[in-house]
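# What shape does this take:
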Amino acid sequence: MSDVVPPTALSEVQLRFLCHDDIENVKLLCGDWFPIEYPDSWYQDITSNKKFFSLAATYRGGIVGMIVAEIKGRTKVHKEDGDILASSFPVDTQVAYILSLGVVKEFRKHGIGSLLLDSLKEHISTTAQDHCKAIYLHVLTTNNTAINFYENRDFRQHHYLPYYYSIRGVLKDGFTYVLYINGGHPPWTILYPFLEAGKYFTCSLLFHFLWAILVQMLQEKK
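Here you go, the predicted model:
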C-alpha cells in the first residue's frame, strides 16, 4: 500500500478471523515481515485449525495486520521454555504462544499492533478465563523494533536462545519474552523479587545501583 495513511486510520480498522481465502495474501505479508520461511502446511493450519487464534486487522477491505497465537497447556510448551511457569501451577494451567504478529509498514505506529495484542488478551479472558497464566513469544535478538514493542507492553525477557533460528542457512540467536497474567509467575529465584521491583522502579537510580551490586556479587561467585 503506497497511499498516505490518515492519522484516524485506526477508527476504520476492522477485525476478523483469517480464513482459507486469505492464504496467498498472508504468504505475501509474512514474506515481507519475517525472515523465516513457513511451510505451506503452516498457512493451512493457521487459517483452518481452530486451535489457533488467527486474527486479521483490515482497512477498507485489505489486511494490514495480523496476530496468530495458540493457547495450550503448559506441559505442551517447547523444552527450551519449560520453565516459563513455576512448577507449583497445576498441569492443566494454560499459556498463550504468539507465533506471529505483524503490521503493514505504512500502518505501523497507528495502534494496530496494540489492538491485535489487546484482542488476544480479551480472547484469553473470555475463553481461558484465569486458567491462562502467561503470554510468550520468540524474537530475534537483533529485532529491536519488536523487542521495544513488547517491552513497552510489559513483556519481559525470560531466556536467551543461542542459535535458535536458521535463516537462509545462517544460525541466529533469539530471546523468549513473557507477559505474566492472572497471577502467573516464573519459578522463584533470588533474582525474582528484584526483577519484579524493576517493573515499578525502572527509572530509580537506587534500583539500578542495587541491581549493579547484585550482578557484580553473582559474577564474583562464579
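
# drop to CA atoms for contacts and neighbour counts, all remaining ones
Will do.

# Not counting sequence-adjacent ones, nearest residue to the residue nearest the centre of the chain?
For the chain, residue 137 is the residue whose C-alpha lies nearest the centre (CA atoms, centre = their mean; 4.0 Å). Nearest residue to residue 137 in three dimensions, chain neighbours excluded: residue 98, at 5.1 Å (CA to CA, 6 or more residues apart in numbering).

# Hmm, that neighbour is touching residue 68, no?
Yes - the criterion here is CA atoms under 8 Å, and residue 98 meets it with residue 68 at 6.0 Å.

# What ranges does this structure have for its helices?
Counting by DSSP state H, the segments of the chain that form helices are 9-12, 23-33, 40-48, 112-127, 144-151, 192-200, 205-221.

# Of those, which shows the lowest average pLDDT?
Comparing mean pLDDT over the helices of the chain, the weakest stretch is helix 192-200, at a mean of 53.

# Could you check how many residues crowd around residue 98?
Residue 98 has 20 neighbouring residues, counting by other CA atoms under 10 Å.

# rewinding a little: what's near enough to touch the residue nearest to residue 137?
Taking CA atoms under 8 Å, 6 or more residues apart in numbering as the criterion, residue 98 is in contact with 67-70, 135-138.

# Identify the bridge partners of it.
Beta-bridge pairing of residue 98 under DSSP bridges involves residue 69, residue 137.

# Residue 83 touches residue 188, doesn't it?
No - counting by CA under 8 Å, residue 83 does not reach residue 188; the two are 10.4 Å apart.

# These two - which one has more neighbours?
Shown here are residue 83 and residue 188; by other CA under 10 Å, residue 83 has more neighbours (16 against 11).

# How is the protein divided into domains?
Annotated domains of the chain cover 9-187, 189-222 [automatic domain parsing].

# which ones are touching residue 71?
Shown in contact with residue 71 (CA under 8 Å, 6+ apart): 51-53, 94-97, 132.

# could you redo the last one with a cut-off of 10 Å?
By CA atoms under 10 Å, 6 or more residues apart in numbering, the contact set of residue 71 is 51-53, 94-98, 124, 127-128, 132, 134-135.

# could you measure it against residue 50, distance?
Distance, residue 71 to residue 50, by CA to CA, to the nearest Å: 11 Å.

# same check, this time on residue 33
For residue 33, the distance to residue 50 equals 24 Å [CA to CA].

# Looking at those two, which is more packed in?
Neighbour count, other CA under 10 Å: between residue 33 and residue 50, residue 33 has more, with 15 against 10.

# these two touch, right, the more buried one and residue 101?
Yes - if you go by CA atoms under 10 Å, residue 33 and residue 101 touch, sitting 9.2 Å apart.
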